[in-house]
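Chemist: predicted structure and sequence below. I'll ask about it afterward.
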Amino acid sequence: MDQLALLFVLLLGAVVSVPVGDRFGLPAPVLMTLVGIVLAVLPFVPNVDIQPDLILPALLPPLLYAAVRRTSWRQFAANKRPIFLLAVALVFVTTVCVAAVAHSIVPGLPVAAAVALGALIAPPDPVAATAVAGQLGLPRRLVSILEGEGLFNDVTAIVLYHVAIAAVVSGTFSPWKAGLDLVLSAVVAVAVGLVLGWVANRLMDLLEDPTLQIGLTLLVPYASYVLAEELHGSGVLAVLTVALFISEYAADPDDVLTRLAGHTFWDIVDTLVTGVAFGLIGLELHNAIRTAVGRWGELLGWAAAVVAVVVLVRLVYLLPATWLTKRLHAKRDYDEEIPMSWRETVVMWWAGMRGVASVALALAVPLRTEDGSPFPDRDEIVFIAFGVIMATLVLQGLTLPWLVRRLGVRADTDREKEFERDLAVRAAKAAKRRLREIEEVEELPEELSEQMLRRAFDIGVRISPDLGEEERREAHLQRARRLKRVRRIQGEMLSAARHEVLAARSEPGADPEVVDRVLRHLDVRSLR
């Protein structure tokens, strides 16, 4: 099996793992990690031949962009305090605790190298958290915090990692320079994200064609990541910024086709790239096995100790941090989403899985320092990192659904339905307002005006059926049944038309380009 065949196997696994995970109630990323582990131990499967410094630029931009599309700037602004406590403060605390333990138990491990180990395993993976949380029906406030934590913590961890690696490689360290690098990295990233977001927004207006617009959204995350890294900024924060900008300012409410096609496209990208990313995590088990030959007991002991530190520090930190957030929330009445019970806090704790970023950073640890000597304890650092990744991702990922069911943590469906009903009312009122504006300008027959008024009412009822009174609701149901029948008949008619047009492709002298153009017209008609 060569590298290309291995890639296709991972892509196939990414597609198949989704229905299999749904069938057994397991997260697809965890299943893909298990697939990678199985492939790693098969003798005919080759080692993954990917440069470590290409893993983050290749995988993170589309994954982060897809995750940001499911949220909004308002959620980040409302949840800035809990996100800061988790994404920045907890990463620092975890890094310090892991570094202290690793330095004390691994003989000869320098402090800077121990800090690098702590930094690369400190951030929970945003892809794993959002993928797992999205399938478990968790309360929206928990999903928002997990998404915010996952998207921001990589920024802090990667900067800490680079500072620690530079200290080991060069043999020097300056706290002031490290702090300045952190600030400059964030400023450069935000600037790059805003500029590219503005440019992308202008290009969207010029391109007009949905295919080109969606293609641009795939290029922009990569461009922002690479440009920010070239300017010594945070690529992760740049992608986050540009994605938020585009989602806030580049959306045209009337561009239905682009929105539907873009949603489908990014669902496909998210599924495939997520599967490949977590499959690679399992495949990298090759490196850990090679390192541990003859030293299994010693290395497993060190890895177990660090796993315990990572898991326990998150729990010990979350309990007072959640309490403090609640107190501040109650006093200042911020519109932020926080865990409302100890059960939700426990779920947040157990959802702290490590993943793609940790793998890429572990593999990117340099082989040698500036003076040509081997990087101190590199093999031990990589093995411990993979031990933490495997333990948290597989163990926590497989047991999180059980824990959520056991604790009874569920989404607040009543609140969601109430919000949906409010949106339905607003949509119907907006339609009626526009109808009145049209009637002031145009002379509409009374029959047509009444028909349009009913349709304005139907807009809201179709979103939230309990809006109408009993009689009007029954009338709506009758119209809905009649409309459903009309749509069924019309759908069968359009289906017959599509079959006829497709059959013309094989006829002598048929122009396939004209056939495709006519077929596209029928497809758009069916969509409407």
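Modeler: That came through fine.
Chemist: can you give me the neighbour number for the residue lying closest to Val48 once chain neighbours are set aside?
Modeler: Counting by CB to CB, 6 or more residues apart in numbering, Val48 lies nearest to Leu283, which is 5.0 Å off, once chain neighbours are set aside. (C-beta placed from N, C-alpha, C; glycine too.) Applying other CB atoms under 10 Å, we find 24 residues neighbouring Leu283.
Chemist: show me the contacts for Leu283.
Modeler: By CB atoms under 8 Å, 6 or more residues apart in numbering, Leu283 lies in contact with 6, 36-37, 39-40, 45, 47-48.
Chemist: now with 6 Å?
Modeler: Counting by CB atoms under 6 Å, 6 or more residues apart in numbering, Leu283 touches 36, 39-40, 48.
Chemist: go on, Leu86?
Modeler: Glu149.
Chemist: ok, Ala351 to Glu230 distance?
Modeler: Distance, Ala351 to Glu230, by CB to CB, to the nearest Å: 34 Å.
Chemist: so which bits of the one helix or strand Gly275 maps to are buried?
Modeler: Using DSSP states H and E, the element containing Gly275 is helix 256-283. By neighbour count on 16 or more other CB atoms under 10 Å, the buried set for helix 256-283 is 258, 261-262, 265-266, 269-283.
Chemist: that one: how far from the chain's middle?
Modeler: The chain centre lies 10 Å from the centre of helix 256-283; the measure is CA atoms, centre = their mean, to the nearest Å.
Chemist: next SSE downstream of that helix?
Modeler: helix 285-292.
Chemist: now for the following helix or strand past that next one, which elements pack on it?
Modeler: Proceeding C-terminally, helix 285-292 gives way to helix 296-332 as the next helix or strand, assigned by DSSP H and E. If contacts are counted by 3 or more CB pairs under 6 Å, 6 or more residues apart in numbering; DSSP states H and E, helix 296-332 sits against helix 90-105, helix 342-350, helix 378-390.
Chemist: and Ile165, which of those helices is closest to it?
Modeler: helix 378-390 (10.5 Å; CB to CB).
Chemist: what's the mean pLDDT across the next helix or strand after the closest one?
Modeler: Once the chain leaves helix 378-390, the next helix or strand it forms, by DSSP H and E, is helix 397-407. Helix 397-407 shows a mean pLDDT of 83.
Chemist: quick one: helix 397-407 to helix 342-350, angle?
Modeler: 180 degrees (axes from the mean of the first three to the mean of the last three CA atoms, to 10 degrees).
Chemist: buried ones in the helix or strand just after helix 397-407?
Modeler: Counting by DSSP H and E, the next helix or strand C-terminal to helix 397-407 is helix 413-441. Across helix 413-441, burial judged by 16+ other CB under 10 Å covers 421, 424, 427-428, 431-432, 435.
Chemist: among these, which one sits closest to Val183?
Modeler: For the buried residues of helix 413-441, the nearest to Val183 is Ala427 (43.9 Å; CB to CB).
Chemist: distance of that closest one relative to Lys417?
Modeler: For Ala427 relative to Lys417 (CB to CB), the value is 15 Å.
Chemist: which stretches of the stretch 301-450 of the chain have low pLDDT?
Modeler: 328-340, 411-416 (pLDDT under 70).
Chemist: angle of the helix or strand hosting Leu60 against helix 256-283?
Modeler: Leu60 belongs to helix 52-68 when assigned by DSSP H and E. Angle, helix 52-68 to helix 256-283, by the same axes, to 10 degrees: 140 degrees.
Chemist: so between Ala351 and Glu230, which is more surrounded?
Modeler: More neighbours surround Ala351 than the other of Ala351 and Glu230, with 28 against 11 (other CB under 10 Å).
Chemist: any idea how far the more buried one lies from Ile158?
Modeler: 21 Å.
Chemist: could you check how far Leu312 is from Arg354?
Modeler: Distance from Leu312 to Arg354, by CB to CB: 15 Å.
Chemist: neighbour count for these two, which is higher?
Modeler: Higher neighbour count among Leu312 and Arg354: Arg354, with 27 against 12, using other CB under 10 Å.
Chemist: how near is the more buried one to Phe44?
Modeler: Applying CB to CB to Arg354 and Phe44 gives a distance of 29 Å.
Chemist: ditto for Met452
Modeler: From Met452 to Phe44 the distance is 67 Å (CB to CB).
Chemist: the two - which one has more neighbours?
Modeler: Met452 (17 against 6).
Chemist: my guess is that one meets Arg436, correct?
Modeler: No. Taking contacts as CB atoms under 6 Å, Met452 lies outside contact range of Arg436: 10.3 Å.
Chemist: please pull out the lowest mean pLDDT helix or strand from this structure.
Modeler: helix 126-135 (a mean of 63; mean pLDDT, DSSP states H and E).
Chemist: which residue, other than its chain neighbours, is closest to Pro124?
Modeler: For Pro124, the closest residue by CB to CB, 6+ apart turns out to be Gly352, at 4.3 Å.
Chemist: same check, this time on Ile50
Modeler: Leu280 is the one closest to Ile50 (CB to CB, 6+ apart), at 7.5 Å.
Chemist: can you check the pLDDT for the one you found?
Modeler: pLDDT, read off for Leu280, is 81.
Chemist: before we move on, what about Glu469?
Modeler: 55.
Chemist: ok, Pro465 next?
Modeler: 64.
Chemist: hmm, back to that, if you rank the contacts of Leu283 by neighbours, which is first?
Modeler: For the contacts of Leu283, the largest number of neighbours (other CB under 10 Å) sits with Gly36, at 25 neighbours.
Chemist: so who does that one touch?
Modeler: Counting by CB under 6 Å, 6+ apart, Gly36 has contacts 279, 281-283.
Chemist: and the residue nearest to the spatial centre of the chain, how far from Phe278?
Modeler: What sits nearest the mean C-alpha location of the chain, by CA atoms, centre = their mean, is Ala67, with 2.9 Å. To Phe278, Ala67 is 14 Å away according to CB to CB.
Chemist: over to Thr322?
Modeler: The value you get for Thr322 to Phe278, if CB to CB is used, is 29 Å.
Chemist: and Glu147, by the same measure?
Modeler: Where Phe278 is concerned, Glu147 sits at a distance of 18 Å (CB to CB).
Chemist: cool, Gly408 as well?
Modeler: Gly408 is 28 Å from Phe278, by CB to CB.
Chemist: how about Phe76?
Modeler: From Phe76 to Phe278 the distance is 25 Å (CB to CB).
Chemist: kindly report the same for Leu407.
Modeler: Leu407 is 25 Å from Phe278, by CB to CB.
Chemist: still on that earlier bit, tell me the one of the buried residues of helix 413-441 nearest Ala496?
Modeler: Ala431 (33.3 Å).
Chemist: please name the nearest non-neighbouring residue to the closest one.
Modeler: That would be Ala456: by CB to CB, 6+ apart, it lies 3.9 Å from Ala431.
Chemist: wait, is that neighbour part of a helix?
Modeler: Yes. Counting by DSSP: H, G, I helix; E, B strand; the rest coil, Ala456 is part of a helix.
Chemist: just give me the neighbour total for it.
Modeler: 19.
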